[in-house]
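Colleague: Please find the sequence and the predicted model below.
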Amino acid sequence: MTDIQARLAEINARAAPVLEEHTRLVVAVNKAITLILTVAAVGVFTFIAIEPTEQSLKERDVINQEQITWKR
């Protein structure tokens, strides 16, 4: 039984750094995905917030254009 335990300990010792690196990479990928989704959400919310203002600016531009045309 000790031979099997020794071999298992050896395998675990070799696998530990690989598993640690794998875990570190998974954490990094999760952080990157979270960052991308956060930036995308901020962009969507910014677009939603600006859209009503843009519509009022377009209306005001049309009114101003009509006034300039009327004065000529």
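Modeller: Arrived safely, thanks for sending.
Colleague: Centre of the chain to the host helix or strand of Q67, how far?
Modeller: For Q67, the element it lies in under DSSP states H and E is helix 2-71. Distance of helix 2-71 from the chain centroid (C-alpha atoms, centre = their mean, to the nearest Å) equals 0 Å.
Colleague: Residue numbering should commence at 34 henceforth.
Modeller: Sure thing, new numbering starts at 34, so read that last one as helix 35-104.
Colleague: tell me the mean pLDDT over it?
Modeller: For helix 35-104, mean pLDDT is 89.
Colleague: helices or strands next to that helix in the packing?
Modeller: The contact analysis (3 or more C-beta pairs under 8 Å, 6 or more residues apart in numbering; DSSP states H and E) places helix 35-104 against no helix or strand. The way it works is simple: take the backbone N, C-alpha and C, and place the C-beta from them, glycine included.
Colleague: ok, A61 to A48 distance?
Modeller: 20 Å (C-beta to C-beta, to the nearest Å).
Colleague: Same question for P85.
Modeller: 57 Å.
Colleague: From A82, how far out is K64?
Modeller: Taking C-beta to C-beta, one finds K64 at 27 Å from A82.
Colleague: V51 now?
Modeller: Taking C-beta to C-beta, one finds V51 at 47 Å from A82.
Colleague: repeat for A61
Modeller: 32 Å.
Colleague: Also H55?
Modeller: 41 Å.
Colleague: ditto for L41
Modeller: In terms of C-beta to C-beta, L41 sits 59 Å off from A82.
Colleague: in the chain, which residue is closest to the centre?
Modeller: Centroid-nearest residue in the chain, with C-alpha atoms, centre = their mean: I69, separated by 1.4 Å.
Colleague: Sounds good, over and out.
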